[in-house]
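Student: sequence plus the predicted model coming up.
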Amino acid sequence: MNRLLTANQVAERLGVKPGWVWAQARAGRIPHVQLGRYRRFREEALDDWLRELEGPTGVDSMPTEAPTPRFARRPDATA
């Protein structure tokens with residue numbers, strides 16, 4: 001079973017204040033489990049959430065072509 005973390009433990013891991021963690025949990029922005037009046041945070045769900053926030057990273061997500069400049073001249077345009 002995954003370890004359940006308290007808001008204080010999550011805040012320490014993320015480098016934020018516990019009040020921020022509570023606010024995010026109340027707003028439904030951070031994954032948590034409601035146990036009666038307690039809120040706990042599954043370690044694995046928190047790690048997945050952080051990876052999701054980071055977005056795609058690494059060599060596999062690098063574009064294979066350079067982006068076309070916004071005001072590039074069309075090949076059929078005359079000079």
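Tutor: Yep, it's here.

Student: what stretches of this structure score poorly on pLDDT?
Tutor: 1, 57-79 (pLDDT under 70).

Student: show me the helices in it, by range?
Tutor: Taking DSSP state H as the test, the helices found in the chain are 7-14, 18-26, 43-54.

Student: could you export these as TSV, including distance to Arg37 and mean neighbour count?
Tutor: Where C-beta positions appear, they are placed from N, C-alpha and C, glycine not excepted. Listed next are these as TSV, based on distance: least, Cβ to Cβ, whole Å; neighbours: other Cβ atoms under 10 Å:
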stretch	distance to Arg37	mean neighbour count
helix 7-14	13	16
helix 18-26	13	15
helix 43-54	20	13
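
Student: what residues does Trp49 make contact with?
Tutor: Trp49 makes contact with 30-31 under the criterion Cβ atoms under 8 Å, 6 or more residues apart in numbering.

Student: hang on, I meant Val21
Tutor: Taking Cβ under 8 Å, 6+ apart, we find Val21 in contact with 7, 10-11, 14, 30, 41.

Student: give me that answer again for 7 Å
Tutor: 7, 10-11, 30 (Cβ atoms under 7 Å, 6 or more residues apart in numbering).
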